[in-house]
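**Student:** Sequence first, then the predicted structure, then my questions.
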Amino acid sequence: MAVTRKLANGIGAIACAACMAYALFAQYVLGLEPCPLCVLQRVAMIALGLVFLGAFVHNPGRVGARFYGVLLFLVAAVGGSISARHVWLQNLPPSEVPDCGPGLEYMLSSFPLGESLNMILSGSGECADVVWSFLGFSMPAWVFASFVFLGVAGFLSNLHLAGPPE
């Protein structure tokens with residue numbers, strides 16, 4: 001069976017769903033509460049999965065596939081930037097870690113969206129805590145790797161793999 005653009009997009013959507021499934025498992029089974037940056041990474045992963053799903057369902061021709069490829073890359077770049085910021089915060093010396101700020105719900109209900117996003121992206125002390133790791137890498141580091149892989153794979157597969165006949 002040849003790998004087609006449609007199949008690659010379907011696999012990408014499933015991979016995003018698997019990442020979200022593990023995030024929910026970590027929250028509800030392992031008891032790891034997500035910090036504000038974790039929540040933004042989840043939003044980006046869901047958005048990436050929805051773009052993959054859209055590309056899978058739509059199964060466009062060459063021009064549409066290029067559009068989806070660029071869109072997948074851009075969404076993954078935003079998610080990767082958020083997770084890279086999170087990894088950076090986790091690797092700061094303890095003396096440089098920002099103070100803990102207000103909770104996500106409070107920020108979103110008390111401040112305009114732009115100001116809330118600015119506060120979230122600046123990070124807080126809770127975002128600097130490493131509460132989970134696998135093979136020496138924190139969860140945000142694995143999420144970063146996932147965004148890089150999925151973004152590059154989605155871009156390349158939508159540019160180079162065969163799609164429906166034109």
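**Tutor:** Ah, there it is.

**Student:** from here on, contacts and neighbour counts on C-alpha atoms
**Tutor:** Fine.

**Student:** quick one: the helices in this structure?
**Tutor:** 5-28, 36-58, 62-90, 104-110, 113-122, 125-128, 139-160 (DSSP state H).

**Student:** Could you export those helices to TSV, including columns for mean neighbour count and mean pLDDT?
**Tutor:** Formatted as TSV, these follow (neighbours: other CA atoms under 10 Å; pLDDT from 0 to 100):
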stretch	mean neighbour count	mean pLDDT
helix 5-28	18	95
helix 36-58	21	94
helix 62-90	21	93
helix 104-110	13	66
helix 113-122	15	67
helix 125-128	21	65
helix 139-160	21	95
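
**Student:** any idea how far the most centrally placed residue in the chain is from residue 58?
**Tutor:** Geometric centre of the chain, nearest residue: residue 45, 3.6 Å, by CA atoms, centre = their mean. According to CA to CA, to the nearest Å, residue 45 stands 20 Å off from residue 58.

**Student:** same check, this time on residue 66
**Tutor:** For residue 66 relative to residue 58 (CA to CA), the value is 13 Å.

**Student:** Residue 155 too?
**Tutor:** Relative to residue 58, and taking CA to CA, residue 155 is found at 16 Å.
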